[in-house]
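>>> okay, sequence plus prediction incoming.
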Amino acid sequence: MGIRIARKTVHLEGHCTVEEALPLLEALRKPGAHKVVLTKCQGLHAAILQVLAAARPAALAPPADPALAGLVMPFLEASRQVAPEAPGAAA
Amino acid sequence: MTNPLLARFIPEARELLQVSASGLLKLERNPTDETAINEVFRAVHTIKGSSGLFDALALTRLVHAAEDLLGEVRSDALQIDSSLVDMLLDSLDQVGQWIDELERRSALPADADGVAHRMATQLRQRLGAQDDAPDGGEPADGPHEAAPLGADPAPIEDVATLPPALLARLPAAACLDAFRRACGGQAVHLVRYAPEAGCFFNGTDPLQAIQQVPEALALDIAAAEPWGPLEDLDPYQCNLHFSLLTAAPRPEIEQAMRYELDQITIASVRPRDFVRITGEASDGPIWEDFREAASAFLAAGRHDELRQAVSALRSVAGPTLWRRQALDWLEVALLAAEPDPGLVAALVAAAGSGRFDPVPAAPAPAAPAPAPAPAPQSAPQAADSRQELARSVLASQHRALEQAGYDADRLASVGTVVGNVLLSLGRDADRTAIQAAFEAAREARSVAPVLSALSAVLDGTPLHRTEAAPALPAALPQAFEEAAPVAGAKEPEGRIAAKSLKVDQAKIDLLMNLIGELVVSKNALPFLAKRAEETYASREMSREIKEQYAVIDRLAQEMQGAIMQVRMLPVSEIFDRFPRLVRDLARKLGKRIDLALEGEDTAADKTIIEALGDPLLHIVRNSLDHGLESPDERRAAGKSATARILLKARQEADSVVIEVQDNGRGIDPVRIRAAAIAKGVIGQEEADRLSDQEAINLIYRPGFSTAAEISDLSGRGVGMDVVLTTVEKLGGQVSVSSRLGEGTTTRLALPLSMAVTRIMIVEAAGSLYGVPMDMIVETVRVPRERIRMIKKAETFVLRETIIPLLRLSRLLHLPDQPRGEADAAVLVCHVNGRRVGLIIDNFREGMDVILKPLEGVLTGIGGYAGTTLLGDGRVLLVLDLRELL
């Protein structure tokens, strides 16, 4: 359920609600290259989605659920391509 | 209907709609009438407020728009005129229909959101500059919706340019499929959704919302503003835009996005925008030949041959070639019943040249039009009204739960939000209640307890602060200051709580029945007194019983009177709908009509009032349609151009009399006679014998209608005879008087109350029967020798009129009991417009009774109006002479 942070890897699992946007953002604000694993994610709130899009984590494992992947991955991939040098990592 | 709140809301809303409609009519006549505008505004405001509690967002939106408009009128920023009144009345009618729908199905019809949106947009257009920004892009959608979607492209402003990113999301096959649908006339819609920045706070998940749209083909998500540095990112400000391509029809989209309608735009996509050709370049004379042949077919409009040429070439060209793919598109485009010539020509050219040029009619595919920017406004407005805010937060939590169903996480977060809101308002009791509801919800794994608790809190009391506000000290006084001058200038001091009570009619009926029983039991006391005197020889006892009886009798009568008063309604109940009706019909018919009402306070029993509605409607419509002339005709006849209808009610003895007077052309007895003969209602001879008044009465015969053509108002040949039967069923009378060229007066006379019927008890064939007093003209004793036989019929002469005689015992198929008296007791009655004498055995006393209709297996027995109980417990049958004769 929700967010699980293991060092530089953030696991988003189950249904991620709006409350998890802030912890996720805080995790991704920490310096370094982050990996976000969505494999076990079954649904996410738009707030989570926009944090992921804005933070452009270095690596992103797509959700296993193909419907969800089809929904969010094009957007997240596109966001990462806009600026491959993630500026968020500077902080 | 399971929801008790809804059950209360529906009658209240109807009443308020009626108030607003009559207020609007007053305003139309006198635009400066401040009382009227305040009344209308208050009514509409109340509907808006209460409707927010139910799943009737569309209704609330529409009423809200009307309220905004009225607010402008109220503050003199907007002048009210007939077209505005029309619009508002139409909106109220729509709301009325929705209320009916809510009553029937507890839900609004599927198209309600769209209808509300369009009507609200229209209303808001009258507001001019204050038009909501997101609505701006949409008014053009109205006509588009109505137009059948052929292959003919809709007007350009109606269609959307597809953002390239969205098109790229669409797999090639789906793209071709969408193209096929669009060419085939099924609209493919582009939904642009720009959620407001603060939407996360009211429980909206835009991602989830957009996924509710059915038949989605492709979804593109984009950042509204480029992402800034991560440190500055506010995760709770929504910065996403959505574009969705869907094959769903517009109403379904509107239904799915009904909470977000002001943040979305829906537009149909032109087929040509789907065209996307990829593949290897190729060349060869075959393409050039095709282009020439195809262009020729196209120019000649020979689509079938063009289709053949396309399929022939498709079968030989390699499927990976660019030009072959162009042919695929072309083939689909040609499938349409009426292919779009521009599109087909462009595709033919593409197949020929290996390059797809934009279709000439289409504007160059511009960059995706920026969707309306979300208004970053939620924060500054927050201080405006805490209560509004609190209410809206609670309402949004309610609907978020309703949308999402049970989800423990979400439930917990909603619980926190609701708790905090109530805490900040100082409503601790409610907070405890809500928390209990959340506990219950967690145990039951269902959101139902929370939903109902939230509804209750939303409804309970308007979200008042019960304690002084320590927080927001600056904001509140400011809000009050803003409100104060308006209230002082326009609003009369707080309304006095209504002292009336709403009671279910069944309860009153029960009281009525009980008092009826009491009257009957009371009638047993004189019998008892008689027995005390005769059987037990106690004169003293008898006298005391009679004294007690007098007291009980008086009390019972007063009680009966009081209960009957409760059932009395003023005729304004039915009169009130006429101003609107007359106004609308007059506008439709191009007549000018002034409606006057008199004696609206006259009261009569609820059953009478309610049953009167339809007959009165028929009469007034008839007057409008046939009786009143057009302004030109009236001027030619030397009358004022504006016709007049007067509805007048008054009480006359035991009946209420309602008159409908018009000063129209009057009824022409000659025409009536001619029409009656033509329609076979009467024969020529009978027609000649009729007096003018009798001829006029012919309009009440079934199957009679003089209107040359049937209009939708009246003249279907039903109507006036319905009036007569309805009124007579209620024990009333109808009469018409008319002067040619001067007008017609229709007079309805009805008993004040149906509850108590006065009857006369008569003896026939050894039994007692009741005869309703209103049918009896007089009672006479006729000496045997004055009864004459005309052929086989007995008659007698009463004041120089021959009156036919009938024997009641024979009518009832009972054996005659010759009594050998010198005179016969004759009851002269007025039945079906004629006098008839009934020979009975003896007259007995008159009596007030409560008639019980024949029920169960007795229902079918004709000739009896019902039964009642006599004082000694016997059942008395009351005759229905109309049926009997």
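Good, I have the coordinates. Numbering: from 1, shown residues only, chains lettered A, B, ... in the order given.

>>> touching chain B at all, the lengthiest helix in chain A?
Using DSSP state H, we find that the single longest helix of chain A is helix A:66-82. Yes: contact between helix A:66-82 and chain B, assessed by Cβ under 8 Å from any Cβ of the partner chain, occurs at A:71-72, A:74-75, A:78-79, A:82. For glycine as for every other residue, the C-beta is placed from the backbone atoms N, C-alpha and C.

>>> which non-adjacent residue is nearest residue B:590?
residue B:630 (6.2 Å; Cβ to Cβ, 6 or more residues apart in numbering or on different chains).

>>> isn't that neighbour right next to residue B:591, touching?
Yes: using Cβ atoms under 8 Å, residue B:630 is in contact with residue B:591, at 5.7 Å.

>>> neighbour count winner among these two?
Neighbours per residue (other Cβ atoms under 10 Å in any protein chain shown) separate residue B:630 from residue B:591, with residue B:591 holding more: 21 against 14.

>>> and residue B:167, how far is that from residue B:637?
Relative to residue B:637, residue B:167 is positioned 70 Å away (Cβ to Cβ, to the nearest Å).

>>> the more surrounded of these two?
Neighbour totals were compared for residue B:167 and residue B:637, and residue B:167 leads with 20 against 11 (other Cβ under 10 Å).

>>> what helix or strand is that one on?
helix B:164-169 (DSSP states H and E).

>>> check what contacts whichever helix or strand comes after that helix and list those residues.
Beyond helix B:164-169 in the direction of the C-terminus, DSSP H and E gives the next helix or strand as helix B:172-183. For helix B:172-183, the external contacting residues (Cβ atoms under 8 Å, 6 or more residues apart in numbering or on different chains) are B:151, B:167, B:170, B:188, B:217-218, B:245, B:247, B:268-271, B:274-276, B:278, B:328-329, B:332-333, B:335-336, B:339-340.

>>> next step: those residues restricted to strands.
Of the positions in those, B:217-218, B:245, B:268-269 sit in strands, assigned by DSSP state E.

>>> quick one: which of these is nearest chain A?
Nearest to chain A among those: residue B:218, at 9.4 Å, using Cβ to the nearest Cβ.

>>> the closest one reaches residue B:245, doesn't it?
Yes: between residue B:218 and residue B:245 there is a contact at 4.6 Å, judged by Cβ under 8 Å.

>>> more neighbours: these two, which one.
Counting neighbours by other Cβ under 10 Å for residue B:218 and for residue B:245 shows that residue B:245 has the greater number, 27 against 22.

>>> from memory that one sits against residue B:192, does it?
No: the pair residue B:245 / residue B:192 is not scored as a contact, 10.5 Å apart, by Cβ under 8 Å.

>>> which strands or helices does the helix holding residue B:167 pack on?
strand B:216-223, strand B:240-246 (3 or more Cβ pairs under 8 Å, 6 or more residues apart in numbering or on different chains; DSSP states H and E).

>>> hey, C-alpha coordinates of the helix or strand hosting residue B:86 in CSV?
For residue B:86, the host element (DSSP H and E) is helix B:82-105. Extracted in CSV, the C-alpha atoms of helix B:82-105 (Å, rounded to 0.1, in the frame of the first residue of the first chain):
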residue,chain,number,x,y,z
SER,B,82,-39.8,39.7,-22.1
SER,B,83,-37.1,37.6,-23.7
LEU,B,84,-35.3,37.4,-20.4
VAL,B,85,-38.5,36.4,-18.7
ASP,B,86,-39.0,33.8,-21.4
MET,B,87,-35.5,32.4,-20.8
LEU,B,88,-36.0,32.3,-17.1
LEU,B,89,-39.4,30.7,-17.3
ASP,B,90,-38.0,28.1,-19.7
SER,B,91,-35.2,27.4,-17.2
LEU,B,92,-37.7,27.0,-14.4
ASP,B,93,-39.9,24.7,-16.6
GLN,B,94,-36.8,22.6,-17.1
VAL,B,95,-36.2,22.5,-13.4
GLY,B,96,-39.8,21.6,-12.9
GLN,B,97,-39.4,18.7,-15.3
TRP,B,98,-36.3,17.5,-13.5
ILE,B,99,-38.1,17.7,-10.2
ASP,B,100,-40.8,15.4,-11.7
GLU,B,101,-38.0,13.1,-12.8
LEU,B,102,-36.4,13.2,-9.4
GLU,B,103,-39.7,12.2,-7.9
ARG,B,104,-40.1,9.3,-10.3
ARG,B,105,-36.7,7.9,-10.4
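
>>> can you show me the helices along the stretch 751-885 of chain B?
B:808-811, B:881-884 (DSSP state H, counting those that start in this stretch).

>>> can you spell out which helices and strands pack onto the last one?
Put plainly, it is helix B:881-884. strand B:823-831.

>>> and the strand it packs on, which residues are buried?
B:824-829, B:831 (16 or more other Cβ atoms under 10 Å in any protein chain shown).

>>> one more: stretch B:199-211?
B:199-207, B:209-211.

>>> now, which of those lie close to chain A?
B:200, B:205-207, B:211.

>>> re the thing from before, and the residue nearest to residue B:590, what pLDDT?
pLDDT, residue B:630: 85.

>>> now do residue B:71
pLDDT at residue B:71 comes out at 83.

>>> element containing the spatially closest residue to it that is not a sequence neighbour, please.
In space, and not counting its chain neighbours, residue B:71 is closest to residue B:41: 6.7 Å by Cβ to Cβ, 6+ apart. Using DSSP H and E, residue B:41 sits in helix B:34-51.

>>> and for residue B:676?
Residue B:676 belongs to helix B:669-678, assigned by DSSP H and E.

>>> for that helix, what is the average pLDDT?
On average, helix B:669-678 scores 81.

>>> run through who's touching that helix.
B:682-684, B:687, B:690, B:692, B:695-696, B:698-699, B:701, B:704-706, B:740.
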